[in-house]
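S.K.: Just need the structure, nothing else, for what follows:
(chains A, B and C)
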Amino acid sequence: MNRVTHFLPFIFFIFFIIALFSFLDKDEDQLRSVLLDKNFPDFSLPKLESQEIVTGQDLSELPSLLNVWATWCIACRVEHPFLMRLKEESTVKIYGLNYKDQREKALKLLDQIGNPYEFSIFDQKGKLALDLGVYGAPETFLIDEKGVIRVRHVGVLTEDVWEKKFKVILDE
Amino acid sequence: MIAEIGHLLLIGALVISFFVGFSPLCRFITKDNFFYRVTGPLNILVLFLVLFSFISLIYSFLNDDFSLAYVANNSNTLLPVYYKLAATWGAHEGSLLLWIFCLCLWATSYLFFNRKKDEEFVALTLAVLNQIICAFIAFTLFTSNPFERLLPIMPIQGSDLNPLLQDFAFTIHPPLLYLGYSGLAVPFALSIAALISRNIDSVWARDTRPWSLLSSGFLTLGIAVGSWWAYYELGWGGWWFWDPVENAAFVPWLISIAMFHSLIVTERRGLYKNWSILLTILAFAASILGTFLVRSGVLTSVHVFALDPERGVFILVIFSYFILGSLIIYSLMNNKLPGRSTYSLISREFGFLLNNLLLVILAISIMFGTLFPLIYEAIYDGKQISVGPPYYQVLILPFAIGLSFLQGIGLYLGWNSTKEFSFLKRIAIESFSLFLLICLFVFLVFGKFSWGSVLAIAMFCWIVSGNFIELIYNSSHLRDLKAVLFKRLALISAHLGMAFLVLGVGMVTTFSLEREVVLSEGEGYQLGDVTFTFKGIEEYKDLNYYVDSARIEIKRNDTVNEVRAEKRIYLSTNQTMTEAAIKPTLLQDYYVTLGDHLGDKTWSFKLQIKPFIRWIWFGAILIAFGTFVSSFNILKKSHE
Amino acid sequence: MNPLRKQRLYVVLSIFLGTAIAVLLVFQGLSKSINLFYSPSEILKAQIEAGTEIRVGGMVKKGSVYRETNSLKLSFEITDFEEDLVIEYEGILPDLFSEEAGVVLKGTINSKGVFVAHEVLAKHDENYMPPEVAKTLKQKK
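M.R.: Purely as a prediction, here's the structure:
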């Protein structure tokens, strides 16, 4: 009898830990499922480089990547060299989504470190980002030739992620 | 270069703490006592490795080394030197390193006070502590490395420390809190060592108690400073939000208090051994769980800065390893504990039992409320709810009453059974006369009453009579009195602190006044016994922010004070911050927050009067002082 | 009864009593303070009784913020891109409140279908939406 009661705290904590693990998992799945395989949302926002208004039609060269970035985003700096390489080596066009940023700062930064984008959409209020359900920067979306979002990646885009998540879809 | 050295030192600490953690196992296999002897010196080596690693991170901050991602994210060349230092532990990665450093400090001070004790026992304790150190260093290195470089391209300017954190209280809040959190690892390690070596006796209880007292004291200070910070820095006059992060500190605090009370009974009477062991495990579990809740992003809270499921998984793995591991050891090793003496219903033993029950049940209920939104979401498939402050308020009141009642009479209950009941009558008379006096005073000052305040005053008087007045009454000579007061200094101070805390909380929740008003320049508003007048507004630029600064005159009878309520816009992050104007007095605080600009020279303001708010923090300081005195006394005694 | 048994009885009884009181309080507390979260389109479907305290969240519509001069009363609309909801509020707005940003509001629905908020919550970190809002907005896409 006494032996059994001594195991009670252990058993209780096993259930407790299982419960905690189950709380953790959900978010990641939801992130993936909500946006995938939907059409790219409509928008009309100015370009970063000029005041010219761009819409969904201007993302014409599909398939393409849309990369969310900002000057305040340090992690974006990490993936920047890889984006530059991608511009050189891959046929996929990269568009930028400059997120909650200041125009002068952003342009100055691109001047300094190089511009991997065809052009950047200037989304100061985070409007398009909201439609896309952007969590934060950096984030990268792959839009296929029909204008459908196929891949969404939250966080830094690396060689490894590119091979495993993006390349596979592109090769189809 | 410096950062790489820091990184290497941390890796070194990882390896050595791993070795220390498993050296008793090596001793068990090889039967070579070398593995016991080596734990002490190696433990000190780990302390120094972590210390220098931490210093190298501080160095990187002071020198604006923005090639480190962590520095770039949390500092800025414009930041004053003082806050650059504080920024080292201002975010997740650095605060973890601080946590580890605190734990190393605890392990080493344990070693210092027990260096002449039984070699095997000390080695076992150090091994458990070093396993914990090792696990958290691994967590730091693999999921949140502060020494990660941003190469080849690095920013010229950092992105700044969150302006909310550029503040004096915030520079000391995390170290205090982390000393408390990580201190709970020492009683835990002592329990595991005692379970393995099978000697859980009153010597063990006495050796464990100072560590639980110390961590309890640091938790008290950490929580109090955090509450003080929220009060003046968030700018809206709140001092406790029942936010998940606050609960994550409050729950271990409650359990640590239960723990050192239970250890008293184990030491004196040899009772509640299982319970004391379970409490040490529970307290440590609560402290890691706190880290999990804060860092995994499973709960949303104003305090959460890092949201990262991967970190959550890692912490949960650490949690499972230590808690399930220790509970397995508990269930296997702990089935024959000798020493059962009996006691009657009205006895000190039973008083301590009730104290423990109340504290632990309260802690579990608060934890339940904190996790309930997650449970609800899981059951009702994504339906989202929040559990607000009313839940906790309903919960805490009966427990506070019960605990206050016990505090008043606890000292006069006898071990085994109580034979003399005359104290009851005296305490009742003493507290009632004190109650009448204070009520009269409060009525004269505030001119009103409410149920809550009467209750708070009653609890205050009951505790004060039991822990102070009755002690004076009992000692007939002055010399006698001095001896009693000195001998019981720790107890008196901690329990009086509790009384002030209860009074402060009760008064500020029932007697606070607040109004949101619109004022044009020169206009005044009367609230309570004072008039607030908006005298004018200025704009200027400080080192790293723009300010709108409003001058407000607070006039009470004939005394006039001028204070400034500000709105700051930080340059590098474009964040707005409200800086409240506070005029503190002994009995109440006058609190003004600048709102929105509504038109020409017209602004909105939030005016508040907060009675007795300072007494809450004063009480907390007394409690912490009491725990420190008590633990030093025990440590001194056992060292002689 | 022998003293050891008696003592055990006391202990078990007090644990039982303590737990019972706690459970009671937990239920009472939860019934008082659980606030369900709704998005504007869910509110129309859910038919919430006037006077029940709930939380709603969405994005503040551009150009919808209307302020009375020289008073703290204001109204605005929030949206989840499907339905809009009119909000009335009296008081000072938090620092992070702005048009086209996410907000969470606490309050009640009145008989006219207007949401009367008594608390406006905005998260401290400006790069993130309040998570509930982000979730509902995402589900609408």
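
S.K.: Show me the helices in chain A, by range?
M.R.: Listed in chain order, the helices of chain A (DSSP state H) span residues A:2-35, A:74-89, A:103-113, A:127-132, A:159-161, A:168-171.

S.K.: Can you give me the buried ones in the second one?
M.R.: So that's helix A:74-89. Of the residues in helix A:74-89, those buried by neighbour count under the rule 16 or more other Cβ atoms under 10 Å in any protein chain shown are A:74-80, A:82-84, A:86-87. Heads up, the C-betas are built off the backbone N, CA and C, glycines and all.

S.K.: does that helix come close to chain C?
M.R.: No: Helix A:74-89 does not reach chain C (Cβ under 8 Å from any Cβ of the partner chain); its nearest approach is 11.7 Å.

S.K.: which strands and helices sit next to that helix?
M.R.: Helix A:74-89 makes packing contacts with strand A:64-69, strand A:93-99, helix B:69-74 when contacts are defined by 3 or more Cβ pairs under 8 Å, 6 or more residues apart in numbering or on different chains; DSSP states H and E.

S.K.: Which pLDDT value goes with residue A:4?
M.R.: The predicted local distance difference test score for residue A:4 is 76.

S.K.: which residues sit in contact with it?
M.R.: Contacts here follow Cβ atoms under 8 Å, 6 or more residues apart in numbering or on different chains; on that basis residue A:4 touches nothing.

S.K.: Where is the longest helix in chain C?
M.R.: Once chain C is assigned using DSSP H, the helix that runs over the most residues is helix C:3-33.

S.K.: List the first helix or strand encountered after it toward the C-terminus.
M.R.: The first helix or strand that comes after helix C:3-33 along the chain, using DSSP states H and E, is strand C:34-38.

S.K.: and that next one, anywhere near chain A?
M.R.: No: contact of strand C:34-38 with chain A is not found when judged by Cβ under 8 Å from any Cβ; the minimum separation is 15.6 Å.

S.K.: what comes into contact with that strand?
M.R.: Residues from elsewhere that reach strand C:34-38, judged by Cβ under 8 Å, 6+ apart: B:376, B:383-388, B:391, C:46, C:48, C:53-57, C:104, C:106, C:132.

S.K.: from the residues you listed, which would you call buried?
M.R.: For those, a neighbour count by 16+ other Cβ under 10 Å gives the buried set as B:376, B:384-388, B:391, C:48, C:53-57, C:104, C:106, C:132.

S.K.: Residue 140: neighbouring residues, count only.
M.R.: You didn't say which chain, so I picked chain A. Applying other Cβ atoms under 10 Å in any protein chain shown, we find 24 other residues in the vicinity of residue A:140.

S.K.: other chain: chain B
M.R.: When counting by other Cβ under 10 Å, one arrives at 23 neighbours for residue B:140.

S.K.: Spit out the contact partners of the spatially most central residue of chain A.
M.R.: Most central in chain A under Cα atoms, centre = their mean is residue A:139, positioned 1.9 Å from the mean C-alpha point. Contact analysis of residue A:139 by Cβ under 8 Å, 6+ apart lists A:67-68, A:132, A:152-155.

S.K.: any idea how far it lies from residue A:158?
M.R.: Counting by Cβ to Cβ, to the nearest Å, the gap between residue A:139 and residue A:158 amounts to 14 Å.

S.K.: and if you look at residue B:400?
M.R.: Taking Cβ to Cβ as the measure, residue B:400 and residue A:158 are separated by 53 Å.

S.K.: More neighbours: which of those two?
M.R.: Of the pair residue B:400 and residue A:158, residue B:400 is the one with more neighbours under other Cβ under 10 Å, namely 20 against 13.

S.K.: what sits against that one?
M.R.: For residue B:400, the set of contacting residues under the criterion of Cβ under 8 Å, 6+ apart consists of B:459, B:502.

S.K.: what about the strand or helix carrying residue C:103, distance to the chain center?
M.R.: For residue C:103, the element it lies in under DSSP H and E is strand C:102-109. On the basis of Cα atoms, centre = their mean, to the nearest Å, the separation between the geometric centre of strand C:102-109 and that of its chain is 6 Å.

S.K.: Can you point out the buried residues in it?
M.R.: Using 16+ other Cβ under 10 Å as the burial criterion, the residues of strand C:102-109 that qualify are C:102-109.

S.K.: Extract the residue ranges of chain B that are flagged as low pLDDT.
M.R.: Where chain B drops to pLDDT under 70, the residues are B:150-165, B:294-309, B:334-341, B:381-383, B:572-575.
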